[in-house]
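Visitor: Predicted model follows, preceded by the sequence.
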Amino acid sequence: MRPIGFSTGALALGDAARALSMLDGARTTAVELSALRLHELAPLLALLPTLDLSAFEYISVHAPSSYDAAEEKQIVDALAAIVPFGWPIVVHPDTIHDFDAWRSLGALVAIENMDRRKPIGRTARELEGIFKQLPEARFCFDIGHARQIDATMSEARFLVQELGPRLAQLHVSVVDAMSRHDPLSDEAVAAFRQVAPWVPEHVPLILETPSRPGDFASQAQLAADALSRPSP
């Protein structure tokens with residue numbers, strides 16, 4: 001059965017421990033530990049040895065989404081602590097200044113396609129050069145970003161067809177015109193189903209939908225329905 005869960009950043013901004021406590025008993029099987037803001041990274045890494053993550057089949061970490069070039073090596077060195085765990089590290093392509101630094105993390109790097117605010121990394125063609133620089137890197141497919149870029153879902157299909165062998169996980173949410181993440185809707189589910197045939201059943205789904213405990217089951221079910229492969 002496909003692992004499905006939430007990003008901690010969607011549930012409790014900057015407070016992974018609180019987000020995990022919210023998920024206690026929720027029967028989710030995947031989690032992304034978010035350090036989307038640079039100041040969140042060190043506390044998250046310090047917290048790791050104290051966390052009980054035994055309920056999760058799949059765990060990933062989201063690297064900071066904004067920092068200066070001078071801070072990059074320190075960030076990569078800190079994230080190297082994740083290497084023994086083997087957890088994918090989600091990285092925004094527009095944050096990369098030194099490809100050599102990230103190349104040292106090999107296949108743990110999972111490059112995410114971007115929303116319309118970003119100057120690069122939005123389409124398969126724009127990601128092509130990134131993966132040439134990081135040949136071992138995998139792909140975090142943000143289907144909400146792809147739908148925002150092209151509501152017809154043509155670019156979404158192209159992304160997953162071109163980069164399917166690299167798929168590590170999906171980010172699932174509605175991304176609005178202001179690039180905010182919203183809960184899943186029936187319209188989004190219908191759009192995402194156009195891509196489902198190219199998403200292998202083992203690839204985890206990470207919801208970035210702002211949710212309360214009472215919404216977890218319904219949002220997870222909508223994600224599962226949206227990305228389930230149709231029966232032959």
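Guide: Great, that's in hand.
Visitor: Tell me which other helices or strands the lengthiest helix in the chain touches.
Guide: Scanning the chain for the longest helix, with DSSP state H as the assignment, gives helix 213-227. Packing partners of helix 213-227 (3 or more Cβ pairs under 8 Å, 6 or more residues apart in numbering; DSSP states H and E): strand 4-7, strand 167-172, helix 186-192, strand 205-207. Heads up, the C-betas are built off the backbone N, CA and C, glycines and all.
Visitor: mind redoing it with 6 Å?
Guide: helix 186-192, strand 205-207 (3 or more Cβ pairs under 6 Å, 6 or more residues apart in numbering; DSSP states H and E).
Visitor: Go through it and flag the buried ones.
Guide: Neighbour-count burial for helix 213-227, counted by 16 or more other Cβ atoms under 10 Å, picks out 216, 219-220, 222-223, 226-227.
Visitor: contacting residues around it?
Guide: With Cβ atoms under 6 Å, 6 or more residues apart in numbering as the test, helix 213-227 has contacts from 4, 22, 26, 172, 184, 189, 192-193, 196, 199, 205, 207, 209, 211.
Visitor: repeat that with 7 Å
Guide: 2, 4, 22, 26, 28, 170, 172, 183-184, 189, 192-193, 196, 199, 205, 207, 209, 211 (Cβ atoms under 7 Å, 6 or more residues apart in numbering).
Visitor: Stretch 132-148 too?
Guide: The contact list for stretch 132-148 (Cβ under 7 Å, 6+ apart) reads 88, 90, 99, 102-103, 106-107, 109-116, 131, 153, 155-156, 159-160, 163, 166-175, 181, 191-192, 195.
Visitor: which ones among those residues are found in helices?
Guide: 99, 102-103, 131, 155-156, 159-160, 163, 191-192.
Visitor: Give me the below-cutoff pLDDT ranges for this protein.
Guide: Applying pLDDT under 70 to the chain flags the ranges 231-232.
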